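**Student:** Test case, fold it:
(one chain, ligands or ions: 3)
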Amino acid sequence: QYHGDADVREVLFTEDAIVQRVRELGEQITEDYRDAAYEPTPHGDPALLVVSVLRGAAIYMSDLVRAIDLPLEMDYMAVSSYGTGSKSSGVVRIIKDLTSNVEGRHVLIAEDILDSGLTLKYLLRVLESRNPASIQVATLLRKRNPQQAEIECKYIGFECPDEFIVGYGLDFAERYRNLPYIGVLKPEVYQGR
Ligand code: PRP
Ligand code: MN
Ligand code: MG
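**Tutor:** Residues are numbered from 1 along each chain as shown. Ligands and ions are numbered 1, 2, ... in the order given. Down below sits the predicted model:
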């Protein structure tokens, strides 16, 4: 049963806090890419390519790009983080690839959360092999997970505790992505399944 707000034990980041922080990230990115964004590219595309990882990052990405005051292209990738079996399998594969060319472009990966780091580690490896001019990560959340892979994130919105987090794109069993805030799910919600 889905009870919306009642399934959330604690709000970690309110809608207002998220709006504010995403705006700050956008301003910082705008400053950092002020010159790079206008560099010529092999096919005449905008130099700045913002890549989002479906599905969790879609909401964050849509807010982030509206806080960036530069020409940019939005593109999407879908990966399955985990093969059949456990979270630690390390199996990641591409379900949907980018539409755009990466070569010679400044790639900015917009991810909702860095947890084990397996998704970003894989993505960075795949995209780096396509010869971008540069590649950086803008993650909204970084979970304090002791087992996290070492990933270089230039932009981090918030650090968050190693708990079951939902909202603002983050799901449990595909639900709760549409909550406008980020919170911790009550254990009884996921323990019953
Ligand atoms: C979640 C989240 C990140 C990833 C982070 O996606 O949106 O993409 O896990 O975890 P990691 O650092 O341990 O790899 P998920 O695979 O649940 O797919 P979703 O975005 O469709 O929810
Ligand atoms: Mn995801
Ligand atoms: Mg998920």
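
**Student:** quick one: contacts for the residue nearest the centre of the chain?
**Tutor:** For the chain, the residue nearest the mean C-alpha position is E111 (0.9 Å; Cα atoms, centre = their mean). Counting by Cβ atoms under 8 Å, 6 or more residues apart in numbering, E111 touches 52-53, 56-57, 60, 119-120, 137-140. Any C-beta I mention is one placed from the backbone N, CA and C, and that applies to glycine too.

**Student:** try it again with 10 Å
**Tutor:** Neighbour list for E111: 51-53, 56-57, 60-61, 119-120, 123, 137-142, 151, 153, 169 [criterion: Cβ atoms under 10 Å, 6 or more residues apart in numbering].

**Student:** Return the list of strands paired to the helix or strand containing it, each annotated with direction.
**Tutor:** According to DSSP states H and E, E111 maps onto strand 106-114. Next to strand 106-114 in the sheet, as set by DSSP bridges, lie strand 48-54 (parallel), strand 134-143 (parallel).

**Student:** Name the residues of it that are buried.
**Tutor:** For strand 106-114, burial by neighbour count (16 or more other Cβ atoms under 10 Å) applies to 106-114.

**Student:** From the contact counts, what lies against the helix or strand hosting G26?
**Tutor:** For G26, the host element (DSSP H and E) is helix 15-32. On a contact count with 3 or more Cβ pairs under 10 Å, 6 or more residues apart in numbering; DSSP states H and E, helix 15-32 meets strand 8-13, strand 48-54, helix 58-65, strand 106-114, strand 134-143, strand 155-160, strand 182-185.

**Student:** Rounded mean pLDDT for it, please.
**Tutor:** Across helix 15-32, the average pLDDT comes to 98.

**Student:** Sounds good, over and out.
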